[in-house]
Every structure is written in C-alpha cells, then in structure tokens.
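Asker: model the following, please.
(2 chains)
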Amino acid sequence: DAGVIQSPRHEVTEMGQEVTLRCKPISGHNSLFWYRQTMMRGLELLIYFNNNVPIDDSGMPEDRFSAKMPNASFSTLKIQPSEPRDSAVYFCASSSGLNTEAFFGQGTRLTVV
Amino acid sequence: AQSVTQPDIHITVSEGASLELRCNYSYGATPYLFWYVQSPGQGLQLLLKYFSGDTLVQGIKGFEAEFKRSQSSFNLRKPSVHWSDAAEYFCAVVNSGAGSYQLTFGKGTKLSVIP
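Answerer: Numbers count the residues shown, from 1 in each chain, chains lettered A, B, ... in the order given. Down below sits the predicted model:
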C-alpha cells in the first residue's frame, strides 16, 4: 500500500481565496483524521471521521473550515475564505479503528499570503 | 481531560551516546500510548506503541519504551544514537475507554545529534 496520500504537498494562495486539501486514506482503514501543525500550537486534531461519518469536528477553528468524506477512499478539507493565520502544515491520517495507531500522510504545507 | 507532557523541548546528544526522551501523561484509565517520529518536511511515523501486556515495548530503528503506570510515564530510549535519528519525537495517548476518539499529542522533543 502507498500509505496515506495527500495533495498538494505545497499550496501558496492569497488571502480570501478558497483552498481545498485532499486525502486518500490507506485502503481498508475506516477512520480518518485531519490535523493541523504549527510552531505555536503543535499538532491539533481538527476533525475525524469513522466509516465516512464525521464524529467530532470540535477542533475545527471556524466556520471557514469544512471537511467532507464522500466515500471510504477520499476526504477533503476546505478553507473558504483563507486567511494568513491559516498557514500551517495540514496532515491527514487514517487508522483501522478509532483507538489504534494512526498512519500519517506527508502533509500539505499551506501558505496564505 | 487527558494531557501529554514532554518536558524537554530540545535535546542534543553525541552520536553513539544513549538517549532517553521523557513523556508523562495525565489520564485516569488504561491508556494506549504511542511514540511517533517526524523528520523535517515529513509526516509522522510510528516508532512503537503500548496497548497492554509487557510494559517494555520494542519499536523500529532500535527504539524501546517502558510504560510505568506508577509514574504515569512512557519514556523512549535508545542505547546508541545514530546521526539519522535527528528528528522531532512525539508522544501520544489515546483514551482506550471512550466511545469517541481522543488521541492527544505532546508538544514534541527535537533531537539534535552531534557527529
């Protein structure tokens, strides 16, 4: 298996633009997580899905952030409109259960200017 | 709420020296514990995990960790550090008894290795 695949690896966008981050989890995994990593706050869980259903989105910072998982092999994290303070590395991770180890993608480095 | 503390933000060791990275957790029930490593520009890679059983667990790359319930600790060790071990290390804990997912990461410890 290729592991968790995220795209793009890098994204530079202007403030106010819409940004969509993509994630393909490991085949057979039924839990998917979106994390944000910054120097100031470390790793923060934004939202997680189990069997394609959002379970807890309390970590999503604002209404500008939304996430979807239309099927077991694809998820998106959207920021609209983007702001400079959204600049961070966004990680997607998947696992075979809610309380097993998570496998992380390479991350998307987002820069909002 | 559960929490994970990694007291050391940055550690520097010489190549060949032994290493211990500290991790303390605050959690009432039996935790699931993990150590991840992150190389620059990369995602997090699982080094090892503890769910139950033997409290000394072996991981990849020659790492091991020991779960000590009395000290609420899960310290990571390696007897001889290699220059390629320079990276950031994260301890994490999962609430094993909850119906919802609660994986909490520590702030990380950055390891530098002197040749």
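Asker: which residues in the chain form strands?
Answerer: In the absence of a named chain, chain A is used. A:5-7, A:10-13, A:19-24, A:31-38, A:42-50, A:53-56, A:65-71, A:74-79, A:88-95, A:103-104, A:108-112 (DSSP state E).
Asker: switch to chain B, that's the one I care about
Answerer: B:3-5, B:10-14, B:19-21, B:24-26, B:31-38, B:44-50, B:56-58, B:64-68, B:73-78, B:87-95, B:103-105, B:109-114.
Asker: quick one: low-confidence parts of chain B?
Answerer: B:1, B:28, B:96-102 (pLDDT under 70).
Asker: find the closest residue to chain A in it.
Answerer: Chain A sits closest to residue B:43 of chain B, with a gap of 3.8 Å, by C-beta to the nearest C-beta. Using the backbone N, CA and C atoms, a C-beta is placed for each residue, glycine as well.
Asker: coming back round to it: dump the strands of chain B to a markdown table, plus mean neighbour count.
Answerer: Putting the strands of chain B into a markdown table (neighbours: other C-beta atoms under 10 Å in any protein chain shown) gives the following:
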| stretch | mean neighbour count |
| --- | --- |
| strand B:3-5 | 16 |
| strand B:10-14 | 13 |
| strand B:19-21 | 18 |
| strand B:24-26 | 17 |
| strand B:31-38 | 23 |
| strand B:44-50 | 20 |
| strand B:56-58 | 14 |
| strand B:64-68 | 18 |
| strand B:73-78 | 20 |
| strand B:87-95 | 23 |
| strand B:103-105 | 21 |
| strand B:109-114 | 16 |
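Asker: got CSV for those strands, with distance to residue A:21 too?
Answerer: Listed next are these as CSV, based on distance: least, C-beta to C-beta, whole Å:
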stretch, distance to residue A:21
strand B:3-5, 26
strand B:10-14, 30
strand B:19-21, 30
strand B:24-26, 30
strand B:31-38, 18
strand B:44-50, 17
strand B:56-58, 33
strand B:64-68, 32
strand B:73-78, 30
strand B:87-95, 21
strand B:103-105, 20
strand B:109-114, 26
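Asker: so for residue A:64, which of the ones you listed sits nearest?
Answerer: strand B:103-105 (23.7 Å; C-beta to C-beta).
Asker: paired strands for that closest one, with orientation please.
Answerer: Partner strands and pairing direction for strand B:103-105 (DSSP bridges) are strand B:87-95 (antiparallel).
Asker: quick one: the strand it pairs with to strand B:10-14, angle?
Answerer: Counting by axes from the mean of the first three to the mean of the last three C-alpha atoms, to 10 degrees, strand B:87-95 lies at 130 degrees to strand B:10-14.
Asker: starting at the chain centroid, how far to strand B:87-95?
Answerer: Centroid displacement of strand B:87-95 relative to its chain, using C-alpha atoms, centre = their mean, to the nearest Å, is 5 Å.
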